[in-house]
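>>> Sequence unavailable; structure follows:
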């Protein structure tokens, strides 16, 4: 991982708002690379993604890759496709599904990450929280 990306990754882990995750050994879950031409911004990792450490590693990821017409190999190549959730941690389960991503998280971290990806030509927003 590039040193600038690594510095942001470490800053996210060190952020006090993420202390509970860091104590439990859970790292921020996203995938970025300086050469990425597509950025997919989704809600937040689900429990399966958190367990496997692979973003979009569930049926919704299969549907998204099918809809986009790209292979799993391309989708998970950070030099081609960046995967940025609104919150880099699984927010937990609620009454009717997963809890929403924490507010302000994307606004805090996305600008620095996006600034390191000058080749982005397409941003895909997935889900109501990402669209808002």
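That came through fine. None of the values given here were measured: they were computed from a predicted structure.

>>> Now do the residue of the chain most remote from its centre against residue 8, distance only.
Farthest-out residue of the chain from its mean C-alpha position, per CA atoms, centre = their mean: residue 95, at 23.4 Å. Remark: distance between residue 95 and residue 8 (CB to CB, to the nearest Å) = 34 Å. C-beta coordinates here come from the backbone N, C-alpha and C atoms, glycine included.

>>> One more: residue 30?
10 Å.

>>> Now do the shared contacts for the two.
residue 113 (CB atoms under 8 Å, 6 or more residues apart in numbering).

>>> between those two, who's got more neighbours?
A count of neighbours by other CB atoms under 10 Å puts residue 30 above the other of residue 30 and residue 8, at 24 against 19.

>>> wait, isn't that one in contact with residue 88?
Yes. If you go by CB atoms under 8 Å, residue 30 and residue 88 touch, sitting 5.2 Å apart.

>>> before we move on, back to that, what about the residue farthest from the centre of the chain, distance to residue 125?
Distance from residue 95 to residue 125, counting by CB to CB: 25 Å.

>>> May I ask which helix or strand of this structure has the lowest mean pLDDT?
strand 97-98 (a mean of 80; mean pLDDT, DSSP states H and E).

>>> Just the buried positions in stretch 17-26, please.
By 16 or more other CB atoms under 10 Å, the buried positions in stretch 17-26 come out as 18, 21, 22, 26.

>>> which outside residues touch that stretch?
By CB under 8 Å, 6+ apart, stretch 17-26 touches 12, 13, 14, 27, 28, 50, 89, 102, 105.

>>> For the protein, give me the ranges with low pLDDT.
For the chain, the stretches with pLDDT under 70 are 1.

>>> In three-state terms, label residue 82 for me.
strand (DSSP: H, G, I helix; E, B strand; the rest coil).
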